[in-house]
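In: No letters, just coordinates:
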């Protein structure tokens, strides 16, 4: 499903942040996605490729801002991203009436195009997932991120630059939100102030369903991909049941709380 694309991109971003440990989680994802949707629509009016790049860069910048507050001011990630999320939302309220919310026709055509029977957004997701898999499990940075997530002090004593590792994790997460924002604007027919809300809970759930350890230090790109598909199927089932949007989000929220309780309990037992 095309809707799985957004849950997957945000889920992978969330996975990287959570893997960095110390109870990290990004509550600002939906605001970053929405802001970058406006950025992409506005810049794509001049150049499609430049608009896509701009959305990814702005998303990465948002992640960088959150990470700096978290790392240098020692504010817990949950509180940090809650605060910066409202900051980003304030920016959205200011620019939404001034910037374009209409996607470029060329990019709309691209996201809806099929290649050998596979939608282009799905292909983009597969490429992103492969790159992240390689980054997390075949590079020095990936090993450092998992080490930092398992125990930050031990990682620091081992010579790993903990702050830099965490900042990069948030930046990657922001960039993925930016990519999702650009594609969501094109797929949904434009940007709006609540664009990211639909995909936030499914993406967080996808991260934990996929085996990401709530305590950090453990990730699974394949698992999160399967988790995103499962959450999309759940949303499809709830829609088919013709339940109110509020009821659907309540069910998803309860399911997410259950996942978090199980994940935290499991992490505590291992410790």
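Out: Alright, I've got the coordinates. None of these values were measured; they are calculated from a predicted model. Numbering: from 1, shown residues only.
In: shaky segments in the protein?
Out: 1-2, 263-271 (pLDDT under 70).
In: In space, what's closest to residue 229 - neighbours in sequence excluded?
Out: residue 4 (5.5 Å; C-beta to C-beta, 6 or more residues apart in numbering). (C-beta placed from N, C-alpha, C; glycine too.)
In: Report the contact partners of the one you found.
Out: Taking C-beta atoms under 8 Å, 6 or more residues apart in numbering, we find residue 4 in contact with 122, 125, 228, 229, 232.
In: Next one: it from residue 151, what distance?
Out: Distance of residue 4 to residue 151, given as C-beta to C-beta, to the nearest Å: 34 Å.
In: One more: residue 78?
Out: 19 Å.
In: follow-up on the earlier one: most neighbours, which of the contacts of residue 4?
Out: residue 228 (31 neighbours; other C-beta atoms under 10 Å).
In: So it sits against residue 14, correct?
Out: No: taking contacts as C-beta atoms under 8 Å, residue 228 lies outside contact range of residue 14: 10.4 Å.
In: Give me the common contacts of those two.
Out: What both residue 228 and residue 14 touch, as defined by C-beta under 8 Å, 6+ apart, is the set 203, 206.
In: Spell out, range by range, the helices that occur in the stretch 1-150 of the chain.
Out: 3-19, 29-44, 48-72, 77-95, 105-111, 120-138, 140-150 (DSSP state H, counting those that start in this stretch).
In: right, so of the ones you listed, which gets closest to residue 190?
Out: helix 29-44 (6.6 Å; C-beta to C-beta).
In: elements contacting that closest one?
Out: Counting contacts by 3 or more C-beta pairs under 8 Å, 6 or more residues apart in numbering; DSSP states H and E, helix 29-44 packs against helix 3-19, helix 48-72, helix 77-95, helix 105-111, helix 162-187, helix 197-209.
In: Highest mean neighbour count out of these?
Out: Neighbour counts (mean count of other C-beta atoms under 10 Å) averaged over each of those peak at helix 3-19, with a mean of 28.
In: I'd like to check the angle between that helix and helix 29-44, please.
Out: Computed by axes from the mean of the first three to the mean of the last three C-alpha atoms, to 10 degrees, the angle separating helix 3-19 from helix 29-44 equals 120 degrees.
In: give the contact list for residue 7.
Out: Per C-beta under 8 Å, 6+ apart, neighbours of residue 7: 199, 202, 203, 206, 228, 231, 232.
In: show me the contacts for the fifth one.
Out: Neighbour list for residue 228: 4, 7, 8, 11, 202, 203, 206, 210 [criterion: C-beta under 8 Å, 6+ apart].
In: let's see it at 7 Å
Out: 4, 7, 8, 11, 206 (C-beta atoms under 7 Å, 6 or more residues apart in numbering).
In: Could you do the second one as well?
Out: When the contact criterion is C-beta under 7 Å, 6+ apart, the partners of residue 202 are 7, 231, 232, 235, 252.
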